[in-house]
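S.K.: Could you look at this predicted model? Sequence included:
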Amino acid sequence: MRFSIQVNEGPYQHQASDSAYQFTKAALEKGHECFRVFFYHDGVLNGTRLTTPPQDDRNIVNNWVELAEKYDLDLVVCVAAAQRRGIVDDGEAERNGKDATNIAPRFRISGLGQLVEAAIQSERLVVFGD
Amino acid sequence: MSDTKNFMFLNRRAPYGTIYAWESLEVVLIAAAFEQNVSLMFADDGVYELTKGQDTAGIGMKNFSPTYRTLGDYEVRHMYVDKASLEARGLTADDLVQVEWEDWETEESVDNIVEVVDSEKVAELLAESDVVFSF
Amino acid sequence: MSDLHTVNKSPFEKNSLESCLRLSKAGSAILLYEDGVYAALKGTAVENMIASAVSDKKVYVLGPDYKARGLADDRIIDGVEVVDYAGFVDLVEANDKVQAWV
């Protein structure tokens, strides 16, 4: 099946991102196709490259990055939610006069239309939130 | 895969205490551009999103409630409210905003697309939709 | 035609399970995961909610989340089936769509 994922919460604060990751990984291992993983609300915080979680626990951002590398996933962070919460790439930094960027590799910032498109193009949308 | 889908936005949270209500509305506004059939369902604390007379001046937050009244202009034809949730919260349809809708081509118009429905109908409407968005 | 309903919050924290059960049709599949797994335990104040759901819906609990929380297999309410993440994926595929009760 072709599925898309919506992640509504940031890393560590809620289990949502972990659950979404475990589900996505299991589905890909079974040979299903992931059209897009869309990060909304605080979920955009999964897209920062600046986390330094403790060494003896999972690295949520790296989990997503590595999964994206392995399966060529489309990890999209919502631009409006990202602007509110300070997730910035080069384009956003320039447009909004920010002196730094923090987007993680393999993640891209784009509009809510990407979520709507994912819902249209996928056979299943699975939402992980609080 | 370009068939028109029936989208249902399931809203279960009160406004202002968290951002879910507002950010969910932002998705509804964008969905209008994609020519899908968009409906909204308000259940549990989501029914509070539609109360009349919201005035946020004292809490320093943007009052986004006027946006609900414009949804008729954004291809939203149905806004369903779960009756049991309303009643549990001491509210009636009179406490909720009215949202007009008009079809510009046929000129068909509806005074109020906010419709209170019972549990069985809510379950049916959710089941009939093709995609349910949760926030 | 049936949907998969996911419930990830404890029934003692939020009313998501209650609303899910009230607003889902007979024949639906319900998956309890994350903190939602606590509803699968025998002897809770919401046991009847699950026990009666089992009569006209298919109720599942995500094993890894259940185990993470130190709950024993023999304390799962009768009729609730344990699945792992692969099983979660199968449930998504087997049902028409997913409704998330967060």
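M.R.: On my side now, so go ahead. Nothing here was measured: the structure is a model prediction, and the numbers come from that model. Numbering: from 1, shown residues only, chains lettered A, B, ... in the order given.

S.K.: tell me what the longest helix along chain A is packed against?
M.R.: The longest helix of chain A (DSSP state H) is helix A:16-29. Helix A:16-29 sits against strand A:2-7, strand A:33-39, helix A:60-71, strand A:124-128, helix C:85-94, with contacts defined as 3 or more Cβ pairs under 8 Å, 6 or more residues apart in numbering or on different chains; DSSP states H and E. All C-beta spots, glycine's among them, are computed from the backbone N, C-alpha and C.

S.K.: hmm, 6 Å instead?
M.R.: strand A:2-7, helix A:60-71, strand A:124-128, helix C:85-94 (3 or more Cβ pairs under 6 Å, 6 or more residues apart in numbering or on different chains; DSSP states H and E).

S.K.: Say whether chain C is contacted by the longest one.
M.R.: Put plainly, it is helix A:60-71. No: against chain C, helix A:60-71 shows no contacts by Cβ under 6 Å from any Cβ of the partner chain, the least distance being 13.3 Å.

S.K.: So the helix or strand just after that helix, near chain B or not?
M.R.: Scanning forward in sequence from helix A:60-71 by DSSP states H and E, the next helix or strand is strand A:75-78. No: using Cβ under 6 Å from any Cβ, strand A:75-78 never reaches chain B; the gap is at least 8.4 Å.

S.K.: got it, and stretch C:93-100?
M.R.: Yes: shown here: stretch C:93-100 in contact with chain B (Cβ under 6 Å from any Cβ) through C:Gln99, C:Ala100.

S.K.: Rounded mean pLDDT for that stretch, please.
M.R.: For stretch C:93-100, mean pLDDT is 98.

S.K.: distance between it and the chain's centre?
M.R.: Relative to its chain's centre, stretch C:93-100 lies at 14 Å (Cα atoms, centre = their mean, to the nearest Å).

S.K.: Likewise for stretch A:17-34?
M.R.: Distance, centroid of stretch A:17-34 to centroid of chain: 13 Å (Cα atoms, centre = their mean).

S.K.: re earlier: go ahead and name everything in contact with the longest helix of chain A.
M.R.: Residues outside helix A:16-29 that contact it (Cβ atoms under 6 Å, 6 or more residues apart in numbering or on different chains) are A:5, A:7, A:9, A:11, A:34, A:46, A:60, A:63, A:67, A:71, A:128-129, C:85-86, C:88-89.

S.K.: model confidence over it, on average?
M.R.: On average, helix A:16-29 scores 98.

S.K.: Regarding chain B, what is its longest helix?
M.R.: Of all segments of type helix in chain B, defined using DSSP H, the longest is helix B:20-31.

S.K.: Give me the helices and strands touching that helix, please.
M.R.: helix A:113-121, strand B:6-11.

S.K.: Show me the one of the ones you listed that comes nearest chain C.
M.R.: strand B:6-11 (7.2 Å; Cβ to the nearest Cβ).

S.K.: Compute the inter-axis angle for the closest one and helix A:113-121.
M.R.: 130 degrees (axes from the mean of the first three to the mean of the last three Cα atoms, to 10 degrees).

S.K.: Okay, the residue nearest the centre of chain C and A:Ala118: tell me how far apart.
M.R.: For chain C, the residue nearest the mean C-alpha position is C:Leu32 (2.9 Å; Cα atoms, centre = their mean). For C:Leu32, the distance to A:Ala118 equals 26 Å [Cβ to Cβ, to the nearest Å].

S.K.: Name the residues of chain B found near chain A, please.
M.R.: Looking at chain A, the residues of chain B close enough under Cβ under 6 Å from any Cβ are B:Met1, B:Glu23, B:Val27, B:Ile30, B:Ala31, B:Phe34, B:Val131, B:Ser134.

S.K.: picking that back up, residue contacts, the residue nearest to the centre of chain C?
M.R.: C:Val7, C:Ala39, C:Ala40, C:Val61.
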